[in-house]
Structure formats: C-alpha cells, structure tokens
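[1] Sequence first, then the predicted structure, then my questions.
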Amino acid sequence: MTRYQPEHFPEHGGSLLIEGVWTEQGRIDIAISAEGTIEAAGPGAGSDFRGGAEYRIDGTGCIALPGLVNCHTHAAMSLLRGYADDMPLQAWLGEKIWPLEARLTGSDVYWGTRLACLEMIRTGTTAFQDMYFFMEEAARAAGDAGVRAVLAYGFIDLFNDEKREQEIRATRRFVSHVRDLHNPLITAAVGPHAVYTVSPEGLRWLAEYSGEEEIGIHVHLSETEQEVADAVKAWGKRPPEILDTCGILTPRTVAAHCCWLDRGECMLLAGRGVSVAYNPASNMKLAVNRAMPYPWLREAGVNISLGSDGCSSNNNLDLFEEMKIGALLQKFAWNSPTLLPAGEMLAIATSGGARALGLGTGTIAPGAPADLILVDRHAVCTTPLHSISSNMVYSCSGAAVLTTICNGRVLMLDRYIPGEEEVLAGASAAAADLVRRAGSA
C-alpha cells in the first residue's frame with residue numbers, strides 16, 4: 001500500500017475514491033461524495049468516479065469495514081485510565097472515582113473526551129454514545145475530532161426535588177446547546193443514570209421530554225445483582241419494570257449492561273424496541289458476576305450493540321478487543337462454543353450500533369453514510385486470511401487499523417492523525433492537574 005506523508009493528508013474533505021479494497025464479498029472500489037455519502041461500492045465501481053474524485057486511496061493492501069460504533073462510554077474518564085484498578089466496586093467508586101469526579105472541570109472533560117476520540121479514531125471507531133458531565137465541552141471535543149457522537153448529560157437527582165429541578169434545567173440547556181451547534185455529526189440524548197440515582201418523577205420527565213424533542217435515551221440497566229435487589233426492596237419492582245412504568249423503555253432507548261435481566265425482561269425490551277449495549281470488559285473487570293443474557297436477548301429479537309464503558313472500568317476503548325472479549329465471554333458463560341460467532345459479533349459492533357443510535361445501516365453500501373475503516377491486510381493478525389470476520393474478531397486489535405473515515409472525511413490516514421501530539425499533551429496535563437486537585441481537597 002502507498003505510504004502517505006502528512007503533507008498529503010486530505011484535511012479539508014472532498015470526494016474520495018478507495019480502489020481495490022478487500023471485503024468479505026471480494027475486492028471492490030468505494031466512491032464517496034464530498035457530502036459524506038457512499039455513492040458506489042462494488043467491483044469496478046471506481047471506473048465511473050476516477051476522474052472526478054478529489055482524493056484517491058490505493059486499497060489493495062487493505063480490508064474495508066464499516067466504522068465501529070461504541071454505544072456506551074463515559075469518554076472523559078480516559079483521564080482516569082489506570083488511576084483505580086483491582087478494587088471492589090463500592091470502594092472503587094467511593095474512595096477513588098467519585099472524589100476525583102467531584103473535582104472535574106469543563107477543561108478536564110474537553111481534554112478527556114479529545115483523548116478518547118483520538119483513541120477511538122486510532123482503533124477504528126467512528127461513532128460513540130456518551131453520558132457524563134460538562135457535556136458542552138464533550139460536544140466541543142467531538143466536533144474538533146470529527147467523529148459522530150450521541151451525547152447525554154448524566155441526569156442524577158438522588159430523589160431530591162431541588163436537585164431534580166437543577167438536572168432538568170441542565171438537560172434542557174444541553175439539548176438546546178447541541179441544537180445550536182448545527183453539527184449533523186453531533187446529536188443530543190437524555191441520560192437518566194439509573195433507577196438507583198434518578199427518582200420516578202425524574203424518569204417520567206425525561207421520558208416525556210425525550211419524546212417531545214424526538215431524541216434518544218441512554219440509561220444503565222440491571223448492571224449488578226445489588227441494583228436489582230435494592231430496587232425490589234425499595235419499590236417492589238425490578239429495574240426494567242420501573243423504567244417501563246416511567247416511560248423510559250422506547251425504540252429510542254439504549255440500555256447499557258443488562259447483565260441481570262431475566263427472560264421475561266428480555267421479552268419486554270424487545271417489545272418496547274429497546275437496544276442493549278453490551279459491555280463485556282467492564283462487566284468482567286468489575287465482577288458483576290453474570291454475563292449479559294445474549295441468547296435470551298437474541299431469541300427475543302432485541303437489537304444488540306457494543307460498548308466499552310469508561311476507561312476507568314475498562315482501561316481502553318479498543319472495540320476490536322471488546323469484540324473478542326464479548327464473543328468469548330458468552331461462549332464461556334453459556335458453555336457453548338458456537339454461541340455468538342465472529343460474523344454476529346462484527347455485526348453487533350457495526351450495524352447493531354448504527355441501528356441503536358439511528359446512524360443509518362452501518363454497512364458499506366450506496367446511500368449509506370461514509371463511515372468506514374481500512375485494516376492492514378498484511379499485518380500479522382490478518383495472516384493468513386481464511387476469514388475476514390474471524391480475523392477481525394479473534395485475531396486483531398485496533399492497532400491493525402490504518403485509515404479511519406467518518407462522514408467521508410479522513411480522520412486517520414496510514415496511522416497518521418493530525419494534531420495527535422497536542423491532544424496527548426493536553427490530556428496528560430489535565431489528568432495530572434485533576435489528580436493534584438483531588439489530592440489537595
């Protein structure tokens with residue numbers, strides 16, 4: 001493959017032609033319009049576009065895939081990577097994570113989100129869904145990075161009327177802010193944190209508001225056994241029933257984790273059109289003691305997507321690694337080597353995520369958004385290449401990604417990302433200052 005120099009990087013967009021790239025269907029050309037849409041994809045498709053393309057990429061040494069979609073993360077927690085590991089969940093939260101988060105500033109969230117976007121671009125993720133704080137700064141960071149983002153302010157009212165009104169105002173402000181950006185790659189959602197941090201009144205308001213605004217809902221659901229037990233003790237209902245009673249379960253909803261669902265609750269999510277975000281690495285690291293019930297969800301017809309969770313409970317945002325962990329966890333948990341095969345796992349990370357976030361088909365096809373990645377066909381992890389999906393899920397990491405394209409714009413070309421050094425320096429400084437402030441509190 002031709003090695004591109006930084007001075008040749010197509011920073012300002014334009015029509016693009018990728019020639020001779022490899023896919024499961026064989027070698028194809030991909031023509032992308034200046035507006036960021038795939039115009040043609042197939043053998044010989046480049047012949048009609050070769051003369052008019054502003055940029056051309058030789059794809060003969062590459063495998064083309066749809067961009068990966070990360071449906072659950074707290075992106076700015078990249079600043080906490082490695083800060084608190086190997087601890088029990090409540091001690092991890094109470095002694096490490098919450099005290100540090102209490103000292104967060106908007107600048108921290110900007111640099112943490114920029115670092116997360118840099119890592120996602122480098123490992124083949126073109127879109128992500130985020131729930132956190134200072135989300136105006138997260139939106140600025142995603143906009144500067146050029147990736148797609150569905151962003152939600154983390155709504156936590158702690159069953160307090162005054163706090164709930166503050167969270168309502170913050171949610172309204174953020175949704176209005178995103179609308180005023182007029183950036184088609186950045187959309188707002190509402191973010192009820194969980195049934196144990198948001199009152200029924202808050203949940204009902206969020207459900208109604210999301211319907212009025214026609215925006216998504218991003219919520220944690222049945223992550224731990226304790227969450228379920230506490231809900232039953234306090235309300236006499238399990239978490240999915242609480243959310244459903246309050247109107248949170250809709251076709252616009254992405255529910256993260258879902259490890260402690262029963263079979264009937266999987267049917268409920270399917271009936272409401274909810275998508276689930278599977279977070280295997282985080283669930284294993286925090287020892288939630290149960291794998292998401294993939295067979296029940298699949299049997300019910302639930303759309304399943306993939307998430308990394310934040311970098312403090314995963315430590316990286318590499319969805320290639322997440323695919324492998326996710327497939328192996330299901331096989332192990334259900335004692336079934338045929339469960340969640342590579343092709344299904346790859347679809348979960350691409351088209352499943354695109355469907356969950358309303359971002360098109362998540363495929364490389366005419367009319368689809370031009371969100372795609374090129375993987376090195378001559379890497380160790382792709383040699384030999386008996387099956388593209390198998391190598392992508394079981395063999396490769398995000399280090400095999402050479403080029404990342406979002407909405408037709410090249411964000412990384414042959415591993416080069418403009419401005420990477422500035423992001424690394426800014427994020428490193430922000431993380432050090434955050435820990436210093438927390439230590440002096």
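    Received the coordinates, thanks.
[2] Enumerate every residue touching Gly146.
    For Gly146, the contacting residues are 121, 185, 406-407, 409, 411, by Cβ atoms under 8 Å, 6 or more residues apart in numbering. In this view, the C-beta of every residue, glycine as well, is placed from N, C-alpha and C.
[3] go with 10 Å
    11, 13, 117, 121, 126, 185, 404-407, 409-411, 418 (Cβ atoms under 10 Å, 6 or more residues apart in numbering).
[4] now what about the lowest-mean-pLDDT helix or strand in the chain, what contacts it?
    Using mean pLDDT, DSSP states H and E, helix 89-91 stands out as the lowest-scoring helix or strand of the chain, at a mean of 81. Here helix 89-91 makes contact (Cβ under 10 Å, 6+ apart) with 84, 97, 223-224, 226, 285-288, 313.
[5] a markdown table for those, including pLDDT, neighbour count and secondary structure?
    What follows is those, written out as a markdown table (pLDDT from 0 to 100; neighbours: other Cβ atoms under 10 Å; DSSP: H, G, I helix; E, B strand; the rest coil):
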| residue | pLDDT | neighbour count | secondary structure |
| --- | --- | --- | --- |
| Ala84 | 90 | 16 | coil |
| Ile97 | 90 | 20 | helix |
| Glu223 | 96 | 26 | coil |
| Thr224 | 95 | 21 | coil |
| Gln226 | 94 | 14 | helix |
| Lys285 | 95 | 19 | helix |
| Leu286 | 93 | 21 | coil |
| Ala287 | 94 | 10 | coil |
| Val288 | 94 | 21 | coil |
| Ser313 | 92 | 23 | coil |
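[6] thought Leu151 was touching Phe133?
    No - Leu151 is not in contact with Phe133 according to Cβ atoms under 10 Å; the separation is 11.3 Å.
[7] which of these two has more neighbours?
    Just comparing Leu151 and Phe133: by other Cβ atoms under 10 Å the higher neighbour count belongs to Leu151, 28 against 19.
[8] Quick one: residues contacting that one.
    If you count contacts by Cβ under 10 Å, 6+ apart, then Leu151 has 75, 113, 128-132, 135-136, 138-139, 141-142, 174-175, 177-178, 186-189, 191, 216, 218 around it.
[9] So Phe332: helix, strand or coil?
    Here Phe332 is helix, with the state taken from DSSP: H, G, I helix; E, B strand; the rest coil.
[10] List the buried residues for the least confident helix or strand of the chain?
    Leu89 (16 or more other Cβ atoms under 10 Å).
[11] That one: how far from the chain's middle?
    With Cα atoms, centre = their mean, to the nearest Å as the basis, helix 89-91 stands 25 Å off its chain's centre.
[12] just to revisit the earlier point, neighbour-wise, which one of the contacts of Gly146 leads?
    Thr126 (30 neighbours).
[13] Pull up the overlap in contacts between Leu151 and Phe133.
    Jointly contacting Leu151 and Phe133 under the rule Cβ under 10 Å, 6+ apart are Gly191.
[14] Give me the phi and psi angles of the closest residue to Trp92 other than its chain neighbours.
    Among residues not flanking Trp92 along the chain, Ala84 sits closest, at 5.6 Å (Cβ to Cβ, 6 or more residues apart in numbering). Per-residue torsions, Ala84: phi -150, psi 100 (degrees, to the nearest 10).
[15] quick one: buried residues of the helix or strand containing Leu115?
    Secondary structure from DSSP states H and E places Leu115 in helix 106-122. The neighbour-count check on helix 106-122 (16+ other Cβ under 10 Å) flags 108-122 as buried.
[16] so how far is the helix or strand where Ser389 lies off the chain centroid?
    Using DSSP H and E, Ser389 sits within helix 388-390. For helix 388-390, the separation from the chain centroid amounts to 21 Å (computed by Cα atoms, centre = their mean).
[17] what does that helix contact?
    With contact meaning Cβ under 10 Å, 6+ apart, helix 388-390 is reached by 22-25, 63-65, 323, 341-347, 375, 377, 382, 396.
[18] All set, thanks.
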